[in-house]
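Trainee: Give me the fold of what follows.
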Amino acid sequence: MTTAQAEPDLIIRPCLPPFGGIFDLPGRETPVATHMPHGPFENLEEHLHEHLPHLHISYGFEIAQHELEQLPESTHLEVVMAVKKEHRVDCNPIFINRKNASEGECLKIGGDDVHWIHSEETARKATELFARTGRRLPDDMYFSGFLTSTPDERETRAYSREELHEAIGTGLLVEQHFQATWLEPREEPIDPYDVIIYLGSTDTRYHTFFRLPAIVPLGVS
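Mentor: You can find the predicted model right below:
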């Protein structure tokens, strides 16, 4: 008698931002914060915090210990965020800890920092999966999707089983940051609101949705 092996999976568990201090944010007490344009100023167009009022969104996630054979042969990581229709979203690399008081150290997989590129297909996937649960987004919100990308953020990038195992095989706790800005540029601040986030990967069935609160309830750690 033989026993079928379990299908490869990548288990990701969301949590409040674990480190605090990155981008001068307090961390788990304020996962969603309103910011006007601020430094560090590097005069880069893609650094939205330098140019536009934005909603700074941060959360953590824990990747459990995985044996090599438990991981998919190759996969892209997926992140999708539900924001208001008058906003757009961009995301930062994943941080594994702090380098100093306000700067994070980036997670590397396959020798490069993890970067992201917009993906309409991933947004559609999350929209469908969310609907299967019997839930629907408010009429004024939509899902914005991302896949892991090359460092120049021009092409998607999948990670091999070996690359994933080297980075996260023994388990990993990380912090992810996003910025939501006005779709049509405005000068007024964005009022904080709860956001819904999807985490998953392209080549496994595992995925999770969670609500990140603008105000953390008392007793949540």
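Trainee: what stretches of this structure score poorly on pLDDT?
Mentor: Within the chain, the stretches with pLDDT under 70 are 1-6, 21-28, 38-49, 98-102, 218-221.
Trainee: let's go with 50 and repeat that
Mentor: Judged by pLDDT under 50, the chain has its weakly predicted residues at 1-5.
Trainee: Sort out which residues of the lengthiest helix in the chain are buried, please.
Mentor: For the chain, the helix that runs over the most residues, judged by DSSP state H, is helix 120-132. Neighbour counts using 16 or more other CB atoms under 10 Å place 122-123, 125-127, 130 of helix 120-132 among the buried residues. Where you see a C-beta, it was placed from the backbone N, CA and C, and this is true even at glycine.
Trainee: Serialize these to CSV and add fields for distance to Glu73.
Mentor: What follows is the buried residues of helix 120-132, written out as CSV (distance: CB to CB, whole Å):
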residue, distance to Glu73
Thr122, 20
Ala123, 25
Lys125, 20
Ala126, 23
Thr127, 27
Phe130, 27
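Trainee: what's the closest of those to Ile197?
Mentor: The shortest approach to Ile197 among the buried residues of helix 120-132 belongs to Ala126, at 9.3 Å (CB to CB).
Trainee: what inclination does the next helix or strand after the longest helix of the chain have with respect to helix 120-132?
Mentor: Sequence-wise, the next helix or strand downstream of helix 120-132 (DSSP states H and E) is strand 141-149. Relative orientation of strand 141-149 and helix 120-132, computed by axes from the mean of the first three to the mean of the last three CA atoms, to 10 degrees: 130 degrees.
Trainee: Following element in sequence after strand 141-149, please.
Mentor: Next helix or strand after strand 141-149 toward the C-terminus (DSSP H and E): strand 159-160.
Trainee: Give the buried residues for the helix or strand following that following strand.
Mentor: Scanning forward in sequence from strand 159-160 by DSSP H and E, the next helix or strand is helix 161-168. For helix 161-168, a neighbour-count test (16+ other CB under 10 Å) marks 161, 163-168 as buried.
Trainee: Present these as JSON lines; the columns should include distance to Phe143.
Mentor: Listed next are the buried residues of helix 161-168 as JSON lines, based on distance: CB to CB, whole Å:
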{"residue": "Arg161", "distance to Phe143": "28"}
{"residue": "Glu163", "distance to Phe143": "27"}
{"residue": "Leu164", "distance to Phe143": "25"}
{"residue": "His165", "distance to Phe143": "30"}
{"residue": "Glu166", "distance to Phe143": "31"}
{"residue": "Ala167", "distance to Phe143": "27"}
{"residue": "Ile168", "distance to Phe143": "25"}
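Trainee: Looking at the residues you listed, spot the one nearest Gly104.
Mentor: Among these, and counting by CB to CB, the member closest to Gly104 is Ala167, at 16.0 Å.
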